[in-house]
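> make a model of this:
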Amino acid sequence: MRLKLSLLRNGLRQSGGRRAAFVVSAVAALLFAALQLLGLIALRGHAHAASLVGLLTAVLALGWAVMPLFFPSGDETLDPTRLVMLPLRPRPLVRALLTASLVGVGPLVTLMLLAGSAVCVAHGTAAGVVAVVAVALALLVCVALARAVAIANIRLLTSRRGRDLAVLSGLVIAVGAQVVNFGAQRLGVSGLAPLDPVYAVVRWLPPASAIGAVDSVSRGAYGVAAAQLALTTVALVLLVAAWARSLTRLMTSPDGSTLQRTESEGRERATSWAPARLLPAGRTGTVMERSLRYIWRDPKTKAAWVTSLAIGLIVPVFNALQGTGSIYFACFAAGMLGIQMYNQFGQDTSAFWMVALTISTPRDAYAELRARALALLLITLPYATLVTVLTTAVLGDWRRLPEVLGLSLALLGAMLATGAWTSARFPYSIPQEGYKNVAPGQSGLALISILGGMVAAALLCAPVLALTIWLNVSAGGDAWTWLLLPVGAGYGTAITALGLRLAAPRTAARLPEILAAVSKG
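Sure thing, here's the model as predicted:
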């Protein structure tokens, strides 16, 4: 406990900004928890209150389970290997770490939400007594679950892939917010009654079973309540046992992640990337493979791609599911994916000098940009098509599929064209460490590159957009809207080729400036 408090205190002493961020986040979290507590108490007596609080407890447990994977540095005591040199036995260490886990803003917020859930469904003296036990058990299960998951994945969390997960945490929050928003809107229309079938299952899953026990006592089902409390207790014992076993194995076994590979293993690993054999030969295939490897291995590039893929799917499809969207929202996927063409050289960082050595003429620059565009098209083209088809299927408006797909392809081609030009004209550095995606002092360049390029891409799509409007408003034009698919595909291809041709001479002429700009991070 003293170690945990010392870590918190010393961390706050590092800087005034860190103290301010901690205070603001703590106040915001506690205010949110207080409002939720009052809201749960206000639901007391509602016919479907038990269903809501049961699912709330399950969501809290899920949050405790996954948060250590995305925020491993949020609690320094999650990594017990820092204590490996101390003469500590597993059982006392488990008890100490479990107790220390109860210190912090997160456990306090969880306690307030669990207490509000218990009060919401507790009716009578017996239910009040069970509520005290249930809240304690549910909180301990959440904390033990987080510890068990963290200790089972501690090698991952301290590796490069663990840092990849940390970078992707923002995406998880964004997707989760969209799912919660979608669910809240549906419940606002239909009420809490649709939660009852789900609660019938969740009430037997720890730690929601502990809150379910309070509801069972309130209904007079004492045998069911005893079974639910026993189930939660067994889950807590199993989690602690699994945690202790993993802790013992971790503290007594060597870490093989730093062992050097043999030369033959390294050579086999270097040449085992199967998709590379499907790429064209020569410079085009080499550059495409390099770009695809960046997407798969570089944390910042991977985070940007996964975010674009997820948001590009969520916005049109979720709006369509809610009945508030339009089929033209499917073009959002092409726009999100087309952004990945911007600042192509920034992902190379200071290693761009090796690329610059291979470019001596505009022809070489054109081959480089074309290969990078083709690597993007391997992902963006089928994905934009998939999102368009899914949105059309949800809305059931298959008649408009050709014109929307044609618009998406035209927009994608325009963004590839403007992305190639802005990559040469407004390059900026992407820091390898931290969460910032722009080096200090280059925010203006990034803003001009992305926003200016998006506006230019929209203007370049004006001919196809005008044709779409004309066919939809003119008499008998609906019969010819299918022409927008080949027109959009052809226009997107032509505008991409033109953009690459125009960007190639500028790229070849500005190699030193590009290298200086992308090396600042």
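> list the buried residues of the longest helix along the chain.
Counting by DSSP state H, the longest helix found in the chain is helix 362-395. Using 16 or more other CB atoms under 10 Å as the test for burial, helix 362-395 gives 362, 364-381, 383-385, 387-388, 390-392, 394-395. Where C-beta positions appear, they are placed from N, C-alpha and C, glycine not excepted.
> low-confidence ranges, this structure, go.
17, 69-79, 155-178, 180-181, 185-190, 254-277, 433-436, 441, 521 (pLDDT under 70).
> okay, domains of the chain per the record?
Per automatic domain parsing, the domain ranges recorded for the chain read 2-253, 274-518.
> next one: phi and psi at A221?
The phi/psi pair for A221 (degrees, to the nearest 10) reads phi -90, psi 80.
> tell me, how many residues neighbour it?
A221: 14 surrounding residues under other CB atoms under 10 Å.
> any idea how far it lies from P87?
49 Å (CB to CB, to the nearest Å).
> go on, T481?
As defined by CB to CB, T481 lies at a distance of 77 Å from P87.
> among these two, which residue is more densely surrounded?
It is T481, of T481 and P87, that has more neighbours when counted by other CB under 10 Å, with 19 against 5.
> can you give me the strands for the stretch 401-521 of the chain?
Under the criterion DSSP state E, counting those that start in this stretch, the stretch 401-521 of the chain carries no strands.
> which one is I450 nearest to, not counting chain neighbours?
The shortest distance from I450 to any non-neighbouring residue, by CB to CB, 6 or more residues apart in numbering, is to Y342 (5.6 Å).
> wait, the one you found sits on T422?
Yes - Y342 lies in contact with T422 (CB atoms under 8 Å); the separation is 5.5 Å.
> shared neighbours, these two?
Residues touching both Y342 and T422 (CB atoms under 8 Å, 6 or more residues apart in numbering) are 449-450, 453.
> and the gap between M251 and R95?
15 Å.
> which of these two has more neighbours?
Taking neighbours as other CB under 10 Å, M251 and R95 compare with M251 leading, 17 against 12.
> ok, that one - contacts?
Going by CB under 8 Å, 6+ apart, M251 touches 80-81, 84, 90.
> how does it look with 10 Å?
Contacts for M251 (CB atoms under 10 Å, 6 or more residues apart in numbering) come out as 80-81, 83-84, 86, 88-90, 93, 151.
> over to A497?
Residues near A497 by CB under 10 Å, 6+ apart: 366, 370, 373, 413, 416-417.
> so what's R44 up against?
By CB under 10 Å, 6+ apart, R44 lies in contact with 116, 119-123.
> cool, and Y294?
Y294 makes contact with 300-302, 305, 344, 347-348, 372, 375, according to CB under 10 Å, 6+ apart.
> that one and L5, how far apart?
Going from Y294 to L5 by CB to CB gives 43 Å.
> could you do A504 as well?
To L5, A504 is 60 Å away according to CB to CB.
> which of those two has more neighbours?
Neighbour count, other CB under 10 Å: between A504 and L5, A504 has more, with 24 against 12.
> quick check: which of the domains of the chain is buried the most?
Looking across the domains of the chain with neighbours counted as mean count of other CB atoms under 10 Å, the highest average goes to domain 274-518: a mean of 19.
> centre of the chain to it, how far?
20 Å (CA atoms, centre = their mean, to the nearest Å).
> same thing with stretch 194-208?
Relative to the centre of its chain, stretch 194-208 is centred 26 Å away, using CA atoms, centre = their mean.
> span of that stretch from start to end?
In stretch 194-208, first residue to last residue: 18 Å (CA to CA, to the nearest Å).
> helix or strand: which one has G285?
helix 282-297 (DSSP states H and E).
> next helix or strand past that helix?
Past helix 282-297, further along toward the C-terminus, the next helix or strand under DSSP H and E is helix 299-322.
> who does that next one touch, helix- and strand-wise?
helix 160-167, helix 169-190, helix 282-297, helix 331-338, helix 362-395 (3 or more CB pairs under 10 Å, 6 or more residues apart in numbering; DSSP states H and E).
> just put those helices in JSON lines and tack on distance to A517.
Below are the helices and strands packed on helix 299-322 laid out as JSON lines (distance: least, CB to CB, whole Å):
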{"stretch": "helix 160-167", "distance to A517": "23"}
{"stretch": "helix 169-190", "distance to A517": "25"}
{"stretch": "helix 282-297", "distance to A517": "18"}
{"stretch": "helix 331-338", "distance to A517": "22"}
{"stretch": "helix 362-395", "distance to A517": "16"}
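> which one of the ones you listed lies closest to V214?
Evaluated with CB to CB, the helices and strands packed on helix 299-322 place helix 169-190 nearest to V214, the distance being 22.3 Å.
> got phi/psi on the closest residue to I514 other than its chain neighbours?
Distances taken as CB to CB, 6+ apart place P427 nearest to I514, at 4.8 Å, with adjacent residues excluded. Backbone torsions for P427, taken as degrees, to the nearest 10, come to phi -80, psi 150.
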